[in-house]
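Chemist: Here you go, sequence then predicted model.
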Amino acid sequence: MPLQLLNDGWDYHATESERLAGELEAAAGAPIDAADLAPFARLGVHTIGEHLADWPRARRLAERVLEGRIPDAVTAKAWAHLSIARLLADDPAGAAEAELSFLGASPDFRAALLEARFMLVAALVGCGRAGEAIPVFRAALALARGLGDAAPARPIAVASNNLGWEMVEAPSRTADEDAVMRLAAEAGLEFWRRCGTWMNEAGALTLRARVANLVGEPDRALADADQGLTVIAAGGEAPAAAAILRAVRAVALGLKGDAAGRARELAQADADAAAIADPGARAFYDEQRAGIVGPAVPA
């Protein structure tokens with residue numbers, strides 16, 4: 001199987017999911033190197049299960065590539081992806097078996113079990129079942145904090161980020177859901193700072209600032225947005241991310257009753273975005289801006 005499929009597949013997995021699913025199914029018939037096994041299962045289960053909403057098909061693909069294989073430290077996570085596919089395809093016993101295979105081949109089964117739970121949270125959010133993910137997320141996060149530095153930072157950061165943004169974009173939320181949204185944003189920032197890049201940190205600060213505006217805490221939103229802009233300035237070029245943070249600042253200023261400041265900050269955000277040469281980055285700003293303050297009005 002060409003490694004290029006795994007590298008390139010992420011670029012179009014969300015827009016051409018059926019195409020990629022077929023390519024992965026065709027590639028599953030050839031031998032897969034041990035180092036590629038978990039990435040293959042991850043891409044296949046995510047694309048077919050979450051984007052095509054066909055968990056039985058995702059399960060069949062994962063089972064096919066793992067048939068006759070024995071998990072070890074390099075390949076173990078592939079069985080975690082199989083476990084999720086089986087569970088969401090209504091095969092709880094098979095899911096438990098695959099999860100135990102993952103745990104048995106992992107050096108620390110406590111951290112591995114938490115990783116599996118946060119992978120499940122991300123999968124549930126990804127297929128539109130965030131409500132089911134919330135109690136799992138809360139319980140797993142409490143255990144992760146008890147595990148300290150041994151907690152698997154990246155899966156926690158990813159799941160927290162995905163759940164937080166899903167709730168930010170929800171049309172309405174209860175008070176309890178607001179609390180979970182805040183918890184997810186806090187955890188996302190905490191764990192991205194352990195394992196991520198400056199761009200991950202800036203994104204987590206953007207999420208936390210968005211949450212602060214939504215729960216009526218504009219001063220906190222301004223502080224997080226300013227910190228995010230500082231992180232971006234120190235880290236490198238990210239004009240769309242910086243412009244988005246300025247739009248978030250505009251909302252916070254509006255919540256504080258500073259209409260002039262809001263208009264000024266939003267105008268600066270739009271001016272900065274107008275200078276973005278990359279069409280994809282500009283489209284990302286426009287999409288995010290619409291969610292934050294509404295679409296721009298053409299001059």
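Modeler: Received, thanks. Residues are numbered from 1 along each chain as shown.
Chemist: CA atoms for contacts and neighbours, from now on please.
Modeler: Fine.
Chemist: what's downstream of the helix or strand that contains Leu253, the next helix or strand?
Modeler: Here Leu253 sits within helix 239-255, counting by DSSP states H and E. Per DSSP H and E, the first helix or strand lying C-terminal to helix 239-255 is helix 259-274.
Chemist: what's that following helix in contact with?
Modeler: 239-240, 243-244, 246-247, 249-254, 282, 285 (CA atoms under 8 Å, 6 or more residues apart in numbering).
Chemist: mind listing what's buried in it?
Modeler: Gly261, Arg262, Ala263, Glu265, Leu266, Ala267, Gln268, Ala269, Asp270, Asp272, Ala273 (16 or more other CA atoms under 10 Å).
Chemist: Out of the residues you listed, the closest to Thr15 would be?
Modeler: The nearest member of the buried residues of helix 259-274 to Thr15, counting by CA to CA, is Ala273 at 24.4 Å.
Chemist: if I read this right, Ala123 contacts Val45, doesn't it?
Modeler: No. Ala123 lies out of contact with Val45 (CA atoms under 8 Å); the separation is 9.1 Å.
Chemist: Of the two, which one has the most company?
Modeler: Shown here are Ala123 and Val45; by other CA atoms under 10 Å, Val45 has more neighbours (30 against 24).
Chemist: show me the contacts for that one.
Modeler: Trp55, Ala58, Arg59, Leu61, Ala62, His81, Leu82, Ala85.
Chemist: Rebuild these as JSON lines, extending it with secondary structure and neighbour count.
Modeler: Formatted as JSON lines, the contacts of Val45 follow (DSSP: H, G, I helix; E, B strand; the rest coil; neighbours: other CA atoms under 10 Å):
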{"residue": "Trp55", "secondary structure": "helix", "neighbour count": "24"}
{"residue": "Ala58", "secondary structure": "helix", "neighbour count": "31"}
{"residue": "Arg59", "secondary structure": "helix", "neighbour count": "26"}
{"residue": "Leu61", "secondary structure": "helix", "neighbour count": "23"}
{"residue": "Ala62", "secondary structure": "helix", "neighbour count": "27"}
{"residue": "His81", "secondary structure": "helix", "neighbour count": "31"}
{"residue": "Leu82", "secondary structure": "helix", "neighbour count": "29"}
{"residue": "Ala85", "secondary structure": "helix", "neighbour count": "35"}
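Chemist: Now do the contacts for the residue most central in space within the chain.
Modeler: Closest residue to the average C-alpha location of the chain: Asn162 at 3.7 Å, with CA atoms, centre = their mean. Counting by CA under 8 Å, 6+ apart, Asn162 touches Ala122, Val125, Gly126.
Chemist: Name the member of these that has the highest neighbour count.
Modeler: Ala122 (25 neighbours).
Chemist: what about it, which helix or strand?
Modeler: helix 109-126.
Chemist: Contacts for that helix next, please.
Modeler: By CA under 8 Å, 6+ apart, helix 109-126 touches 46, 50-51, 80, 84, 99, 102-103, 106, 130, 132-134, 136-137, 140, 143-144, 147, 150-152, 155-156, 158-159, 162-163, 166.
Chemist: A PyMOL selection for those residues, restricted to the buried ones, would help me check which they are.
Modeler: Selection of buried members from the contacts of helix 109-126 for PyMOL, criterion 16+ other CA under 10 Å:
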select buried, resi 46+50+51+80+84+99+102+103+106+130+133+134+137+140+144+151+152+155+156+158+159+162+163
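Chemist: Just the ones of the contacts of helix 109-126 in helices?
Modeler: Applying DSSP state H to the contacts of helix 109-126, the entries found in helices are 80, 84, 99, 102-103, 130, 132-134, 136-137, 140, 143-144, 147, 155-156, 158-159, 162-163, 166.
Chemist: Return the list of helices and strands in contact with the longest helix along the chain.
Modeler: Ranked by residue count under DSSP H, the longest helix found in the chain is helix 175-195. If you count contacts as 3 or more CA pairs under 8 Å, 6 or more residues apart in numbering; DSSP states H and E, helix 175-195 packs onto helix 153-168, helix 198-214.
Chemist: so for the first one, what's the average pLDDT?
Modeler: In this model, helix 153-168 carries a mean pLDDT of 97.
Chemist: Centre of the chain to that helix, how far?
Modeler: Distance, stretch centre to chain centre, for helix 153-168: 5 Å (CA atoms, centre = their mean, to the nearest Å).
Chemist: Kindly report the same for stretch 195-202.
Modeler: 13 Å.
Chemist: Repeat that for stretch 206-219.
Modeler: 19 Å.
Chemist: any idea how far Cys195 is from the residue nearest to Leu189 when sequence neighbours are not counted?
Modeler: Nearest residue to Leu189, sequence neighbours excluded (CA to CA, 6 or more residues apart in numbering): Ala204, at 4.9 Å. Here Ala204 is placed at a distance of 12 Å from Cys195 (CA to CA, to the nearest Å).
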